[in-house]
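>>> Sequence first, predicted model second:
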4 protein chains.
Amino acid sequence: MKIGVMTGGGDCPGLNAVIRAVVLSAHARGWEVFGIEDATHGLVDLDYRSPHGNRWLTPDHVEDILGQGGTILGTSNKSDPWNFVVEVDGKPVSTDVSQQTVDNFNSLGLDALISIGGDGSMRIANKFGNMGMNVVGVPKTIDQDVAATDTTFGFATAVQCATEAIDRLQDTAESHDRVMILEVMGRDAGHIALHAAIAGSAHACLIPEIPYKIGPVVEKVKERRRNGHPHSIIVVAEGAMPAGGEASYGENELGEMPKYFGAAQRLAAGLEPHLELDVRFTILGHLQRGGSPVQFDRILGTRYGVAAVEAVEAGKFGQMVALKNNQVTTVAIADVVEQHQHRVDPQGPFVHAARSVGITFGE
Amino acid sequence: MKIGVMTGGGDCPGLNAVIRAVVLSAHARGWEVFGIEDATHGLVDLDYRSPHGNRWLTPDHVEDILGQGGTILGTSNKSDPWNFVVEVDGKPVSTDVSQQTVDNFNSLGLDALISIGGDGSMRIANKFGNMGMNVVGVPKTIDQDVAATDTTFGFATAVQCATEAIDRLQDTAESHDRVMILEVMGRDAGHIALHAAIAGSAHACLIPEIPYKIGPVVEKVKERRRNGHPHSIIVVAEGAMPAGGEASYGENELGEMPKYFGAAQRLAAGLEPHLELDVRFTILGHLQRGGSPVQFDRILGTRYGVAAVEAVEAGKFGQMVALKNNQVTTVAIADVVEQHQHRVDPQGPFVHAARSVGITFGE
Amino acid sequence: MKIGVMTGGGDCPGLNAVIRAVVLSAHARGWEVFGIEDATHGLVDLDYRSPHGNRWLTPDHVEDILGQGGTILGTSNKSDPWNFVVEVDGKPVSTDVSQQTVDNFNSLGLDALISIGGDGSMRIANKFGNMGMNVVGVPKTIDQDVAATDTTFGFATAVQCATEAIDRLQDTAESHDRVMILEVMGRDAGHIALHAAIAGSAHACLIPEIPYKIGPVVEKVKERRRNGHPHSIIVVAEGAMPAGGEASYGENELGEMPKYFGAAQRLAAGLEPHLELDVRFTILGHLQRGGSPVQFDRILGTRYGVAAVEAVEAGKFGQMVALKNNQVTTVAIADVVEQHQHRVDPQGPFVHAARSVGITFGE
Amino acid sequence: MKIGVMTGGGDCPGLNAVIRAVVLSAHARGWEVFGIEDATHGLVDLDYRSPHGNRWLTPDHVEDILGQGGTILGTSNKSDPWNFVVEVDGKPVSTDVSQQTVDNFNSLGLDALISIGGDGSMRIANKFGNMGMNVVGVPKTIDQDVAATDTTFGFATAVQCATEAIDRLQDTAESHDRVMILEVMGRDAGHIALHAAIAGSAHACLIPEIPYKIGPVVEKVKERRRNGHPHSIIVVAEGAMPAGGEASYGENELGEMPKYFGAAQRLAAGLEPHLELDVRFTILGHLQRGGSPVQFDRILGTRYGVAAVEAVEAGKFGQMVALKNNQVTTVAIADVVEQHQHRVDPQGPFVHAARSVGITFGE
């Protein structure tokens, strides 16, 4: 038995845990495992070379990787074989290399592919399945926004990173009587912002699912000041928007948002006219995607990798492993790609807990 | 409405998260919250003074505590009112102070008690309930051994602490070609050892639920050596025992175990006659109970605190909050105290995942 | 003997270590210590109230603060008694409250003041000295830019924070073949950027002391790409400027810098036209000022606090404690305020070490 | 130019920083670098194979190692070529392989050797020098006990590890009113214990340089109890001994120390008869040698590696790089091996600072 393994989409702590478990479980069965580099790039071109490296993976390759951030296979956001960008006469041209990809897969003698990735990767995996390739999926999303699984690896590490950032800001905000803004990841889903705001005891949390007004945020800061706490911490997801959209900032003489100008700056520009306190911001950016995974993500990644190999063994192709009520199970990839994203429920238990300890959402 | 809150049993990261959420949720309702110190000590004697301090808690008291380890209320393992130890003529004498405790509770004008603790605390809470006190429980166990809840706060932090310890040992074991033993908490249940062993990519894991033989552990070390990895890491729970019991070490000339001699030393003594490699050990001890809680424990503690106040509001007395399939719910305390401890299932999913990546349990 | 202690200027990890050592050393001598809040605010107005709180400090107040970031006394950048801003008819008016401050100091019966702060605080301390107040200074600067001392507390913690950020970015930059920019503190001095760049194995480091050209930075990224490493990390101090000044970006159609637009955005705008790779940035901001101090800062802060009390005892007024060749000594505050800032020496040992391991400064 | 590099003696965070800087600096000069594995093992036998691996090192080999604990070259405590242990007829026999080692060095065409290690490695380096080999030394000691340099890499990381352990113990000791013992490294020198005790705000610190009496330690615990702090933390170096030697414990019915019984157990046995409080201990062991190096150790290791290559270029053979008053310089290896160990000075500035904040040394 020979299987391939690849990682696609954005980077996520815990990817190496899955790869390691796949390699160790497969080798325990006497199987061989081919590591495909930079998502489908390594399948489109078998001679593809990058630091990550197409190669047959042995237990030695994964001996030390469980605690490492990133992915030893590399990843890519731009590797859809049905829309593959190549350079022709110095210009980027989109082309369909799907058949070539499947041919390469077959020429390697691979019996199955374990594809670790997010929504985009699952859509590609589904199409591969339709072309007869035996695919098992493993869900990956740092934003917690895949509906088909209760959670996946990477999210806990990202929230821990953001929580530790708030802890640090609390120290200095309190010493200085300041308002601090922390911008975290989350274009469409505010799970990281919400969890970090609760865990870091922030005072306001602005997320894409709940358009915010400046007024209630300003009132929260002032209420704290009246109660003897002149500092406040605001967590803002990168996709959080004011209730009236960008235009609502016109009154603050901001006009059109410049490039490189994100949620933190937009919020600072909205707040400062209303507050005498200094406003400072921190933008975590890709810090949240790197770093050694926390134990939860290492264990879940390991369980997923083991389960993916077992799914291959059982012939459960076209399935994705998933966590449902703490049990690892499988769901049809075809169903996954049809589901809507898992967004924060403004009436759900986490927003409820946040409100109960006094966090405002700018409503 | 006036409620009391106390923490009992062993220390556990996340206790302050519960206390904080209780205080903030209650104050948002206009209630008052009395903080009882050192478990029931503060109720047995209302003038009880310790650094932790009986006092009416305001939001200011809990402003900065979410990220702190320990409990601002103090805790105790020796405060069963039905078996309370007092000193008489310089000698410890056990006495029943339960009625005095309930009288003190009433004299404070308290309408309900939120008791945060483990099995012992829940048994006491149940008895208080039988005497007419309105009690709501919040489960606490760093060992993950309470059956009535899927998990509770503190465990994730303890596992993270043990995992980071293994990470450090990996570095130096590999440089030195050594066998390293890490002793972690777990007298009766091996959950911490098991989770940390998976997350830290240990090579052997010895837990109370699976009596171990030295032979398979030695064989694992030698197998790794044959495969070019002369170092190995063994995680051992403090309650792990050899299959034949302590006596089985007689052959290693160890005889009766001396005082202060625990699982790590016992294992080292068993291993060394069979290995040419140096064996070194680390005993984590109470490191696992301290430290700033990880985000998961802060959030779960917050959710529990909020839910406990809601249970009081709803008159759900004699109930304990619990997590079931990611939902916070309540269970009857009377049922909780009848249930067996939640031990590691040797055929369960975590042991299965561990075996699948090559971890031996000394079987 | 009664002494006052205050912290001024920007927040800095290790301030609590100094305060604690002052209180413990003084109490061991039978002295009393008055904690003045929010820099001179607490002296200008003895009834000043804030969460930090004017109060007589006992060992109990400092029992748990050594590991805490921030300062239990609060701090302020806007508290020069010779230029004190008060509100008159709703408008800020600058006024001289120095005599009132000294009178308050005397009315408290204080024999000496220990002033912990940076250049600004030392200038004020010097003026207080000229008015007859007994002052001992303790140097504080997170930027390492005070010339009179080899180093001071806070810097090591800030560099550690920035280094851990680079570690995280390395993981994800490598997985994604990206260029990552990390903006760190340092308006006038690039010490944090320089040290973190070496410690984090960054590939370029842009600091205020060496105006940078985009060309060599682009060439470094391309050289790495040619050598099989398509990712690069660039550390940029907030005060780093292109060799031609801001105007040099006009060619990149950036025009005038918008508000909230700092060194990271400026650099990204300069780089992107020259690179096909994605450029992402992280802005650490005040993360670098918060957090539990690393051991070095805790120990140095403790040594400074002990030395400051000994200086008071020896009547060494008008002196500031300092570290010279690993020895704690004292220097005249009058000399300190005349000295130029300690900037990065472009020919010094740290820049030399950085260049030797391949870091470019954009020259 | 061809140079060899090796690491000898105990593991130490920062070794990879030196190796990396040697490789990058040498390659920038067009030199080649041979990585010798497991100290002299790789030179005694050029075909020596271990996971670490004899090999010519390129910049690619050191691309990701700066933040890694351990040493990519492996190390050994048992590799003195003048006293090399080989197995003859199943029995260990000591033999002199020094000439063979030098011959191998020459056969590789190496012009110089950079030997990174402690006292033992420097003695061997000195002998190699006497046989005509061009050697430059780099000092390594996690215990801070090499007299010829102000400090070296690894120590700061070990102290940080021990400090974080005390932080965790503080939380739980305080919640539980307990006495906690932390055993740290230091057979002959107590620098780690002393620095961690100051940084962690421990209450007692027992080190090899100051034989301790139980009485003053008990009195410290009781004094704290009287002042309302029923918990205490004691840091003990593994080489700390009671003033009367081991026999002095006879009165506590301990008799001869059993194997695996160290400073922590000895102290617990001595304390418990005098205290009603529970005594618990944590033994850090090799945790202190592993882990990602803190920024200081990464930077100092880098500076040493750069300086070692410059020493080779300048023909400064028989010299060891060292840090004197914050400057990297060189000292004669012949002098280094004659010097006494750098022990804690009981009258020095760090013990003085510790006493000033109330830490007892059991005197």
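That came through, no problem.
>>> wait, what's in contact with the most centrally placed residue in chain A?
Using C-alpha atoms, centre = their mean, the residue of chain A that lies closest to the mean C-alpha position is residue A:142, 2.2 Å off. Residues counted as contacts of residue A:142 (C-beta atoms under 8 Å, 6 or more residues apart in numbering or on different chains) are A:10-13, A:154-155, A:158, A:185, A:192, A:288-289. C-betas here are computed from N, CA, C, even on glycine.
>>> Please list which of these are also close to chain C.
A:10-11, A:13, A:289 (C-beta under 8 Å from any C-beta of the partner chain).
>>> and these as JSON lines, adding distance to chain D?
As requested, the ones next to chain C among the contacts of residue A:142 are exported to JSON lines (distance: C-beta to the nearest C-beta, whole Å):
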{"residue": "A:10", "distance to chain D": "21"}
{"residue": "A:11", "distance to chain D": "15"}
{"residue": "A:13", "distance to chain D": "15"}
{"residue": "A:289", "distance to chain D": "17"}
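>>> between those residues, which has the most around it?
residue A:13 (33 neighbours; other C-beta atoms under 10 Å in any protein chain shown).
>>> In this structure that one contacts residue A:69, no?
Yes: the pair residue A:13 and residue A:69 qualifies as a contact (C-beta atoms under 8 Å) at a distance of 5.2 Å.
>>> Please enumerate the shared neighbours of those two.
With C-beta under 8 Å, 6+ apart, residue A:13 and residue A:69 have common neighbours A:289-293, C:171.
>>> Endpoints of stretch A:87-94, how far apart?
9 Å (C-alpha to C-alpha, to the nearest Å).
>>> repeat for stretch A:62-77
End-to-end for stretch A:62-77, by C-alpha to C-alpha: 24 Å.
>>> just to revisit the earlier point, nearest to residue D:176, out of the shared contacts of residue A:13 and residue A:69: which one, please.
residue A:292 (30.5 Å; C-beta to C-beta).
>>> Tell me the confidence at the closest one?
According to the prediction, residue A:292 has pLDDT 96.
>>> what's around the nearest residue to residue A:170 once chain neighbours are set aside, how many residues?
In this structure, residue A:170 finds its nearest non-sequential neighbour in residue A:233, 6.3 Å apart by C-beta to C-beta, 6 or more residues apart in numbering or on different chains. The tally of other residues near residue A:233 (other C-beta under 10 Å) stands at 26.
>>> what about residue A:233, is that helix, strand or coil?
strand (DSSP: H, G, I helix; E, B strand; the rest coil).
>>> so what's the backbone phi/psi at residue A:112?
The phi/psi pair for residue A:112 (degrees, to the nearest 10) reads phi -160, psi 160.
>>> make that residue A:224, sorry
phi -60, psi -40.
>>> coming back round to it: among the ones next to chain C among the contacts of residue A:142, which one lies nearest to residue B:134?
For these, the nearest to residue B:134 is residue A:13 (44.5 Å; C-beta to C-beta).
>>> Put the alpha carbons of the longest helix seen in chain A into CSV.
Under DSSP state H, the helix in chain A containing the largest number of residues is helix A:155-176. C-alpha atoms of helix A:155-176 as CSV (Å, rounded to 0.1, in the frame of the first residue of the first chain):
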residue,chain,number,x,y,z
PHE,A,155,-7.4,27.2,16.8
ALA,A,156,-6.4,26.5,20.4
THR,A,157,-2.8,27.6,19.7
ALA,A,158,-4.0,30.8,17.9
VAL,A,159,-6.3,31.6,20.8
GLN,A,160,-3.6,31.0,23.3
CYS,A,161,-1.3,33.3,21.4
ALA,A,162,-3.9,36.1,21.3
THR,A,163,-4.7,35.5,25.0
GLU,A,164,-1.1,35.9,26.0
ALA,A,165,-0.9,39.1,24.0
ILE,A,166,-3.9,40.5,25.9
ASP,A,167,-2.2,39.5,29.2
ARG,A,168,0.8,41.6,28.3
LEU,A,169,-1.4,44.5,27.2
GLN,A,170,-3.3,44.4,30.5
ASP,A,171,0.0,45.0,32.4
THR,A,172,0.9,48.1,30.5
ALA,A,173,-2.6,49.5,29.9
GLU,A,174,-3.2,49.4,33.6
SER,A,175,0.1,51.2,34.4
HIS,A,176,-0.6,53.9,31.9
